[in-house]
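Student: just a sequence and a predicted model for now, questions to come.
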Number of protein chains: 2
Amino acid sequence: MNQQIVTAAILAIGDELLSGRTKDKNIGHLADMLLLAGIDLKEVRIVADDEEAIVEALNALRTKYDYVFTSGGIGPTHDDVTADAVSKAFGVACAHDEKAMTLLADMYKRRELEFTEARQRMARMPVGATHIPNPVSTAPGFVIGNVYVMAGVPQVFQAMVDAVIPTLRTGTPVLSVAVSCPYGEGDIGTPLAAIQKAHPETSIGSYPRYVGQKFSTEIVVRGRSQAVIEAAAADVEAMIDGIRRERAVGENHSAEA
Amino acid sequence: MNQQIVTAAILAIGDELLSGRTKDKNIGHLADMLLLAGIDLKEVRIVADDEEAIVEALNALRTKYDYVFTSGGIGPTHDDVTADAVSKAFGVACAHDEKAMTLLADMYKRRELEFTEARQRMARMPVGATHIPNPVSTAPGFVIGNVYVMAGVPQVFQAMVDAVIPTLRTGTPVLSVAVSCPYGEGDIGTPLAAIQKAHPETSIGSYPRYVGQKFSTEIVVRGRSQAVIEAAAADVEAMIDGIRRERAVGENHSAEA
């Protein structure tokens, strides 16, 4: 099967995400959307509203992955430095975009609000960038190269993601099947490693849960074809049945003893 | 005032965090705890259970910040590769730690469970590392250099954080005061930038909210002394009052017209 792999990273920007004040909602949302689009999210970074930190992270990520999506720092206040940082990363000027100025001027005129200097800041973007529409509150996000710059407010971020996703090159979707396992990772670690080895086209993850002072595991088999993941999942089920039978025999022996 | 600045980064490790399957709980928890300890969280990264990705992130972060805290990937299964990756990042061997082997062997003996090869994996750590105790499920985390390697299961992670925090060098805590502002960032952007400029010892963040098709803002003033943040917050309050008075005058004029 000819598989297309498309990779992505998310760069979430904002002091408030690092101070514990705001629990990020955008990363989880975009992770879900990328999964549906068959785009592999490989890395997430969170940095402060700090120009140098943003430039450094952006240049590392945009050279490494097919797409980079940022959230936050494109509002009208002094701590919104994302447009400047993205411009700097690409080595281009950051300027008031004419089309964005018109969009915003019209909107504020309709609402009978002054188009302040602060509000005009929202029209600034790297020269050569194209818009990501913002149906919620007008001020556009922007795309430059493989970098998609979006707002931090979750309603606006999500609307921008909805606009962006259909424009992306998508990959062969990753399919997954989850098997609930009543045993802890210590019980299944060795046989599960053997199953992973026998099914190299899958990626088998095990996620421990700890409830009522007892470990259990969710085993997730991922792969890019249904046949491949079903074959591995069948082996996982057989492994669990095997442990169950073994323990039942053990208990019978105990009862006899 | 003699201020101590201590910086930190978090590296969360796990395929499940990137697939959208698991919404991370550890980053927010540790961010809160570091804030209380006066340690500045400067960066967060999330990477997959991938040795190369972990090594690269770890070497970038540990040379840049005073402390690095990792979560995840130290369990008994084949996808737990954090101990190997940390060893590789530090250029030391990854081996079964004698003290950890004894701890685990005793625990499984008490519970009448076999100390399987998979369970023995949890005793592996970089040679020279010291333990982070695990009161929940025994298998220790570990410290090497300025890197603190902890479990991904939230109950275990939190217990390990509780053990680690009192051992860290703490900084002058960052104090903050939040001012609720009924106006959007476009209204306050310009005067708020002037307030930030007049109070360079503070960091003033503005966080837009969008409720009922109307923007409002939470303004957060941060700083390392109460006097400093109170002076800036007073100017923020005065700015909000100023806008309120200005608008009231405007409305009176309209009523007259």
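Tutor: Now that the structure is in, tell me what you want to look at.
Student: now do the phi/psi pair for A:A85.
Tutor: Note on A:A85: its backbone torsions stand at phi -70, psi -40 [degrees, to the nearest 10].
Student: give the closest residue to it in space, chain neighbours not counted.
Tutor: What sits nearest to A:A85 in space, not counting adjacent residues and going by C-beta to C-beta, 6 or more residues apart in numbering or on different chains, is A:I54, at 3.6 Å. To be clear about C-beta, it is placed using only N, CA and C from the backbone, and glycine gets the same treatment.
Student: which stretches in the stretch 101-250 of chain A count as strands?
Tutor: Using DSSP state E, counting those that start in this stretch, the strands assigned to the stretch 101-250 of chain A run over residues A:124-126, A:130-132, A:141-144, A:147-150, A:175-181, A:203-211, A:214-223.
Student: right, so of the ones you listed, which gets closest to B:V228?
Tutor: B:V228 sits nearest to strand A:124-126 of all those, at 30.2 Å, using C-beta to C-beta.
Student: surely the residue nearest to A:A85 forms part of a helix?
Tutor: Yes. A:I54: assigned to a helix according to DSSP: H, G, I helix; E, B strand; the rest coil.
Student: picking up where we left off before, weakest of the strands of the stretch 101-250 of chain A in terms of mean pLDDT?
Tutor: Mean pLDDT across the strands of the stretch 101-250 of chain A is lowest at strand A:203-211; the value there is a mean of 88.
Student: give the buried residues for that strand.
Tutor: A:S203, A:I204, A:G205, A:S206, A:Y207, A:P208, A:Y210 (16 or more other C-beta atoms under 10 Å in any protein chain shown).
Student: show me what the fourth one is bridged to.
Tutor: When you say that, I think you mean A:S206. Each beta-bridge partner of A:S206 is listed here: A:I219, as defined by DSSP bridges.
Student: hang on, it packs against A:F215?
Tutor: No. Look at A:S206 against A:F215 with C-beta atoms under 8 Å: they stay out of range, at 10.8 Å.
Student: tell me, what's touching the two both at once?
Tutor: Residues touching both A:S206 and A:F215 by C-beta atoms under 8 Å, 6 or more residues apart in numbering or on different chains: A:E185.
Student: okay if I get the strands of the stretch 101-250 of chain A as JSON lines plus distance to A:V164?
Tutor: Formatted as JSON lines, the entries for those read as follows, by distance: least, C-beta to C-beta, whole Å:
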{"stretch": "strand A:124-126", "distance to A:V164": "15"}
{"stretch": "strand A:130-132", "distance to A:V164": "6"}
{"stretch": "strand A:141-144", "distance to A:V164": "8"}
{"stretch": "strand A:147-150", "distance to A:V164": "6"}
{"stretch": "strand A:175-181", "distance to A:V164": "23"}
{"stretch": "strand A:203-211", "distance to A:V164": "26"}
{"stretch": "strand A:214-223", "distance to A:V164": "24"}
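Student: nearest to B:P173, out of these?
Tutor: Ranking the strands of the stretch 101-250 of chain A by distance to B:P173, with C-beta to C-beta as the measure, places strand A:203-211 first at 32.0 Å.
Student: which positions in stretch A:226-240 come out as buried?
Tutor: Neighbour-count burial for stretch A:226-240, counted by 16+ other C-beta under 10 Å, picks out A:V228, A:I229, A:A231, A:A232, A:A233, A:D235, A:V236, A:M239, A:I240.
Student: dump these to a markdown table, plus pLDDT and distance to chain B.
Tutor: As requested, the buried residues of stretch A:226-240 are exported to a markdown table (pLDDT from 0 to 100; distance: C-beta to the nearest C-beta, whole Å):
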| residue | pLDDT | distance to chain B |
| --- | --- | --- |
| A:V228 | 95 | 17 |
| A:I229 | 96 | 14 |
| A:A231 | 97 | 18 |
| A:A232 | 97 | 13 |
| A:A233 | 97 | 16 |
| A:D235 | 97 | 14 |
| A:V236 | 97 | 12 |
| A:M239 | 97 | 12 |
| A:I240 | 97 | 14 |
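Student: the residue nearest to A:A85 and A:D80 touch, don't they?
Tutor: No. Because the distance of 11.2 Å does not satisfy C-beta under 8 Å, A:I54 is recorded as not touching A:D80.
Student: run a quick neighbour tally on A:K64.
Tutor: When neighbours are defined as other C-beta atoms under 10 Å in any protein chain shown, A:K64 has 13 of them.
Student: next up, the contacts around A:G171.
Tutor: By C-beta under 8 Å, 6+ apart, the residues touching A:G171 are A:Q3, A:Q4, A:I5, A:V6, A:A37, A:G38, A:I39, A:D40.
Student: what does A:S19 give?
Tutor: Contacts were defined as C-beta under 8 Å, 6+ apart; by that measure A:S19 touches B:A31, B:L35, B:L41, B:V174, B:S176, B:R222.
Student: excluding its backbone neighbours, what's nearest the residue most central in space within chain A?
Tutor: Within chain A, the residue whose C-alpha comes closest to the C-alpha centroid is A:A31; the distance, by C-alpha atoms, centre = their mean, is 3.1 Å. For A:A31, ignoring the flanking residues on the chain, the nearest one in space by C-beta to C-beta, 6+ apart is B:G20 at 3.7 Å.
Student: contact residues of the stretch 1-150 of chain A facing chain B?
Tutor: By C-beta under 8 Å from any C-beta of the partner chain, the part of the stretch 1-150 of chain A that sits against chain B consists of A:15-23, A:27-28, A:31-32, A:34-35, A:41-49, A:53, A:57, A:75-79, A:113, A:116-119, A:121-122, A:136-137.
Student: are any of those buried, and which?
Tutor: A:15-22, A:27-28, A:31-32, A:34-35, A:41-49, A:53, A:57, A:75-79, A:116, A:118-119, A:121-122, A:136-137.
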